[in-house]
Structures are given as structure tokens and as C-alpha cells.
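Trainee: From the sequence below, what's the structure:
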Amino acid sequence: QVQLVESGGGLVQAGGSLRLSCAASGRTFSSYAMGWFRQAPGKEREFVATIERIGGSTYYADSVKDRFTLFRDNAKNTVYLQMNSLKPEDTAVYYCATGRYSIRPAQYDYWGQGTQVTVSS
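Mentor: Numbers count the residues shown, from 1 in each chain. Have a look, this model is predicted:
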């Protein structure tokens, strides 16, 4: 059974930083891309970032580019989302997912339960 467990969310002031982690189990971690998405209240789930299975190529949403960094440690079956210069509009539940290298949620077949990130102004 594939499981993804996110951690690292919390409350932070604008301009602050957080690092989210997503630990995976139940499948060969390095065989799949990993993605992060977020969903704010009343809004649709949106793409944040994705990283290829091997090689580390990444792609970011314009809204987080140059502020967020996504990287993975295949030896630890974990992907990390380093979030700097956080803004109130970054407030959302953040989800990690495993699947194909894509910005589309439908390309990911397993999802974590989500972790809340709240940025105060």
C-alpha cells in the first residue's frame, strides 16, 4: 500500500520560511515523479511544483518560482519543499503526490493527507 505522509506545516509570519517534507512508502520511490499541490479555502487545488524521478529536474508554478525549492532524497524516500519569503496568499493545505512528471493532478495516482500552511500578515 502506497502511503505519503506530509509534515512541516504550521503558522508563520509573512516573509518567513517553512520546509515541508513528504515521506513515501509502498512503492519504489525513485521510479516516480513527486509533486506538490495546494488548496486554499473556496479555491480549486493548484499546482505548486514537481520534480522528476531521477536527475532532479524541477518545474514550478509562476507564483512560487524563486521562492520555493523542491528537492528529493531518494535514499530516504522523501521529498522536501523549502518555502521562503512566504506570503499570506501562500496560505493553503499543501499536498504531496506521486506519479508522472506533470502539472496536472490527474497524472498523480497517490496523494498524502495534506498539511496546513498559514501565513499571517
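Trainee: Quickly find the element holding the residue nearest the centre of the chain.
Mentor: For the chain, the residue nearest the mean C-alpha position is Trp36 (2.7 Å; CA atoms, centre = their mean). Assigned by DSSP states H and E, Trp36 belongs to strand 33-39.
Trainee: in its sheet, what does that strand sit against?
Mentor: With DSSP bridges as the test, strand 33-39 is paired with strand 46-51 (antiparallel), strand 92-99 (antiparallel).
Trainee: Which strands or helices does the helix or strand that comes right after the last one pack on?
Mentor: Note on strand 92-99: by DSSP H and E, the next helix or strand toward the C-terminus is strand 108-111. Counting contacts by 3 or more CB pairs under 8 Å, 6 or more residues apart in numbering; DSSP states H and E, the secondary-structure elements packed against strand 108-111 are strand 3-7, strand 92-99. (C-beta placed from N, C-alpha, C; glycine too.)
Trainee: Please identify the deepest-packed of the ones you listed.
Mentor: strand 92-99 (a mean of 23; mean count of other CB atoms under 10 Å).
Trainee: For it, output the C-alpha coordinates as PDB.
Mentor: This file holds the C-alpha atoms of strand 92-99, laid out as PDB (Å, rounded to 0.1, in the frame of the first residue of the first chain):
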ATOM      1  CA  ALA A  92      -3.400  26.600   2.000                       C
ATOM      2  CA  VAL A  93      -3.400  22.900   2.600                       C
ATOM      3  CA  TYR A  94      -0.400  21.500   0.900                       C
ATOM      4  CA  TYR A  95      -0.500  18.000  -0.600                       C
ATOM      5  CA  CYS A  96       2.300  15.900  -2.000                       C
ATOM      6  CA  ALA A  97       1.600  13.300  -4.600                       C
ATOM      7  CA  THR A  98       3.500  10.700  -6.600                       C
ATOM      8  CA  GLY A  99       3.100   9.800 -10.200                       C
END
